[in-house]
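Asks: Got a sequence here, can you build the structure:
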Amino acid sequence: MQEVSSIRAQRFWGIAALALITAIGVVTAMLYIKPPGETLFSFYTDDAASLRVGDTVRVAGVVVGTVKDLALETDQIRVRASVNKKAFVGDQSQIQVRMLTVVGGYYVTVIPMGRKPLGSKPIPKERVTMPYNLMQILTDSTKITEGVSTRPIKESIDQLQTALTGTNTQTVGAILDAGNSVVDTLTRQRGQITKILDLSDEYIDRLAKYSGKMEEYLRRISILEQTLVLYGKAFSDGLTRLGGVGWILSPLLDDYFAHRDDFLDRIRNILGDFRTIEVRHGAAVRWLQRIHDRMEVALDKQNNFTRPELLATDICIPVHGSPC
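Replies: Okay, the predicted model is just below:
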């Protein structure tokens, strides 16, 4: 009797353990198939080369689930994925498989559309967009070229072939020779431009070495220019005063009225000589001003040149009849 009871107890515990293991397996399978807090949905595609189990599923860039499995059917592939229950997937939703990084990797983007939940109904492949597919591009390109008329293209090629046969080949050769001549001319001109640039660089280097002498010459020319300006003002004032003296002495000239013409001619000659001197003086001043300006321009082109703070031409010296 004890042996029978022992066998029955072992059977009982064996059956209980088997039932417990079965229950645990069923619960585990249910949790794997339908995890808590997640909703399963599926979609069809005709190319799943870029999809892998475990790829993320996103809505508006936010990760809401993963790809669970892929199943091959007759003429399409069924992809099953999970999303968070809080993410709404409508009956008109669209799927886009996008590249994750430049080096590789993809993810599934769900574009929720529709007012009713999707439920167990899969999303058809017409609403599924896959990434770059060479075969699809070739297929689409043939659709574009189907409507192209090949006759004008053939006629153009035939005309081009005719133009390149017979004596016309000499024309093509002449065109190529002319192009080579133009290239040679441009090459020579480029060499001349290079020589000009080298000469200008040498000139700038020489000018940079003599910048100190140029500044000294600039100061001396400024002094000479200002001196001539002052002399010119004094000379002009002297002519004015000489005219005043002539006006004062006009009563005394009545005695020489008989020799008036001779006297006036001499006066005119003297005044003409004075005017000539004044004109030449003004020309000399303008010539010095041009030299002054050119030297300043030449020195300004040197990066290390600083104009002297004070030159003679910057100082105003008052003289009679010409105040500052």
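Asks: Can you give me the neighbour number for P112?
Replies: Neighbour count of P112, defined by other CB atoms under 10 Å: 15. Every C-beta, even on glycine, is put in place using the N, C-alpha and C of the backbone.
Asks: again with R98
Replies: By other CB under 10 Å, the residues close to R98 number 14.
Asks: State the distance from the closest residue to it other than its chain neighbours to L160.
Replies: Counting by CB to CB, 6 or more residues apart in numbering, the nearest residue to R98 once its immediate chain neighbours are dropped is T109, at 5.6 Å. When CB to CB, to the nearest Å is applied, the distance between T109 and L160 equals 49 Å.
Asks: Let me see the domain layout of this protein.
Replies: The domain map for the chain lists 38-130, 175-208, 210-314, with the assignment taken from automatic domain parsing.
Asks: Quickly, which of the ones you listed bottoms out on average pLDDT?
Replies: Set side by side, the domains of the chain show their lowest mean pLDDT on domain 210-314, which sits at a mean of 62.
Asks: if I pick the spatially closest residue to D75 that is not a sequence neighbour, what's in contact with it?
Replies: Using CB to CB, 6+ apart and skipping the chain neighbours, the partner closest in space to D75 is D46 (7.5 Å). With contacts taken as CB atoms under 8 Å, 6 or more residues apart in numbering, D46 has the following neighbours: D75, Q76, I77, K125.
Asks: one more time with 7 Å
Replies: Listed by CB atoms under 7 Å, 6 or more residues apart in numbering, the contact set of D46 reads Q76, I77, K125.
Asks: One more: L100?
Replies: Y106, Y107 are the contacts of L100 under CB under 7 Å, 6+ apart.
Asks: that older thread, let's see which of the contacts of D46 end up in strands.
Replies: Counting by DSSP state E, the contacts of D46 place I77 in strands.
Asks: a helix runs through T28, doesn't it?
Replies: Yes: the assignment for T28 by DSSP: H, G, I helix; E, B strand; the rest coil puts it in a helix.
Asks: What's the local residue count around it?
Replies: In terms of burial, T28 registers 10 neighbours under the definition other CB under 10 Å.
Asks: quick one: it from A48, how far?
Replies: In terms of CB to CB, T28 sits 27 Å off from A48.
Asks: And for G65?
Replies: G65 is 17 Å from A48, by CB to CB.
Asks: Comparing those two, which residue is more hemmed in?
Replies: Neighbours were tallied for G65 and for A48 using other CB under 10 Å; the higher tally belongs to G65 (23 against 18).
Asks: Which single one of the contacts of D46 is nearest to A19?
Replies: Of all these, the one sitting nearest A19 is I77; the distance, using CB to CB, is 38.4 Å.
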